[in-house]
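# fold the following.
(chains A, B and C)
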Amino acid sequence: MTKQNEFEKTEALFLKEGFQKKILDWFQEHKRAMPWRENPLPYYIWISEIMLQQTRVDTVIPYFHRFIEKYDTVEALANAEDETLLKLWEGLGYYNRVRNLKIAAGEIMERHVGEIPENYEDLLKLKGIGEYTAGAISSEAFGKKEIAVDGNVYRVMARLLGIREDLKKPAVMKKIKEEVRSLLPDVMVGDFNQGLIELGALVCIPNGSPRCGVCPVKDSCTAYKENLQEEIPLKVKKKERREEERSVLIFRHDGRYGIRKREEGALLAGLYEFYHEEGHYEGHLIEEWVENLGGKPLAIYPLKDKKFLFTHILWKLKAYVVELEAPLEDLLFLTREEIKMSYSLATAFRDYFEELGENDGL
DNA sequence: AAGACGGGGTT
DNA sequence: AACCCAGTCTT
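Have a look, this model is predicted:
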């Protein structure tokens, strides 16, 4: 090895260790309190990581408390009722996560005698655990030397490295993962991973200007040095949502409301909802529609139009309360209290549901 | 490689 | 109104 190479290697190592220390020290000082950090059991880390997929920490915390209170072990989860799980997940979104959680619990019971596996490869085979989550669990719960690159880390690394490309491109993602892997310390890997993530959430933020003034690694940051913080990550035009016009009929009989369960495998699979169909209907068409469904409307009250956004769909909703002479067979007629207590209502209908409480005198 | 899959906070 | 969040699965 030449003198020059020796120096470069030594310097790189020095920089790398300095970087690791800066991240670890910053994390130790600034990490937020989270219930799963107080007692980082693998089970807690697993549940929290699944809930945290595409979901903010503050949103997750109350769900996490309710979930582990009800199901505190892998075995309990493996034997859980689907309906109860869905109710616990109500409003959190991406409902396949909780179905997969139960499936994975079964897999852990079968293949790993109820113990959450420690290795990346074993974790990756479990339902609902992808690259990020496998790395997060193995490093944070078991101290394995694995990367955990989430949306925060992609952004942080893109700025550090001055990458002015679409972060969705596989080649770019691969490059960033390799860079993170090369920076990984031998010990405290979990804290290092969480440090990069936390830095992205608190300092190297996605919206607004990053708080470079308080960043522990700004001296190593290409974006900071070249004033490219606003250019990186590169903004990419998103695909437009498709729009769907829908009309909702909120059937009422004897103070009870008609709801139905959504199909498995569909959007909002297994959740409950009010009756609705595609299309915007009003006036006498509503009455005809109800009669075609086999109902006799005593009165029809229109509610306010609403819009509801999904990631890929925009629902433009018209809604009516329909007072019926008799309940419809295809729907479940329940009181508001019963629905609130035991049925997981799709959030798209939440506002209408709440309004019903205010209009019980109608 | 691209689309499906929720809902909400922030700007 | 647009962005994006401690992503994964399916096609």
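# pretty sure A:Glu355 is touching A:Leu303, no?
Yes: between A:Glu355 and A:Leu303 there is a contact under C-beta atoms under 8 Å: 6.5 Å. C-beta here means a position set from N, CA and C on the backbone, and glycine is covered the same way.
# higher neighbour count, these two?
A:Leu303 (17 against 14; other C-beta atoms under 10 Å).
# so what's that one closest to, chain neighbours aside?
A:Ala319 (4.3 Å; C-beta to C-beta, 6 or more residues apart in numbering).
# in chain A, where is pLDDT below threshold?
Scanning chain A for pLDDT under 70 picks out A:1-14, A:358-362.
# thinking again about what came up before, ok, the helix or strand harbouring the residue nearest to A:Leu303: who's next to it in the sheet?
Using DSSP states H and E, A:Ala319 falls within strand A:313-324. Strand A:313-324 has its sheet partners listed here by DSSP bridges as strand A:242-253 (parallel), strand A:297-302 (antiparallel), strand A:306-309 (antiparallel).
# A:Lys145: which of these is closest?
Closest to A:Lys145 of the strands paired with strand A:313-324, according to C-beta to C-beta: strand A:306-309, at 40.4 Å.
# output the closest one as CSV, restricted to C-alpha atoms.
Taking C-alpha atoms only, strand A:306-309 is exported to CSV below (Å, rounded to 0.1, in the frame of the first residue of the first chain):
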residue,chain,number,x,y,z
LYS,A,306,-67.9,15.7,0.9
LYS,A,307,-64.6,14.8,-0.7
PHE,A,308,-62.4,12.0,0.6
LEU,A,309,-58.8,11.5,-0.5
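# now do the buried residues in it.
Using 16 or more other C-beta atoms under 10 Å as the test for burial, strand A:306-309 gives A:Phe308.
# close to DNA strand B, is that strand?
Yes: judged by C-beta under 7 Å from any atom of the strand, strand A:306-309 and DNA strand B are in contact via A:Leu309.
# who's in contact with that strand?
Identification of contacts with strand A:306-309 by C-beta atoms under 8 Å, 6 or more residues apart in numbering yields A:241, A:314-317, A:319, A:347-348, A:351-352.
# mind redoing it with 7 Å?
Strand A:306-309 has contacts (C-beta atoms under 7 Å, 6 or more residues apart in numbering) with A:314-317, A:348, A:351.
# tell me the buried residues within those residues.
A:315, A:317, A:348.
# now these in TSV, with distance to DNA strand C?
Converted to TSV, the buried ones among the contacts of strand A:306-309 look like this (distance: C-beta to the nearest atom of the strand, whole Å):
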residue	distance to DNA strand C
A:Trp315	14
A:Leu317	15
A:Ala348	15
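# just those residues now: which is nearest DNA strand B?
Checking these against DNA strand B by C-beta to the nearest atom of the strand gives A:Ala348 as the nearest, at 4.9 Å.
# gap between that closest one and A:Gly91?
11 Å (C-beta to C-beta, to the nearest Å).
# what secondary structure does the residue of chain A found nearest DNA strand B sit in?
Here chain A gets closest to DNA strand B at one residue, A:Gly93, 2.5 Å apart by C-beta to the nearest atom of the strand. Counting by DSSP: H, G, I helix; E, B strand; the rest coil, the backbone at A:Gly93 sits in coil.
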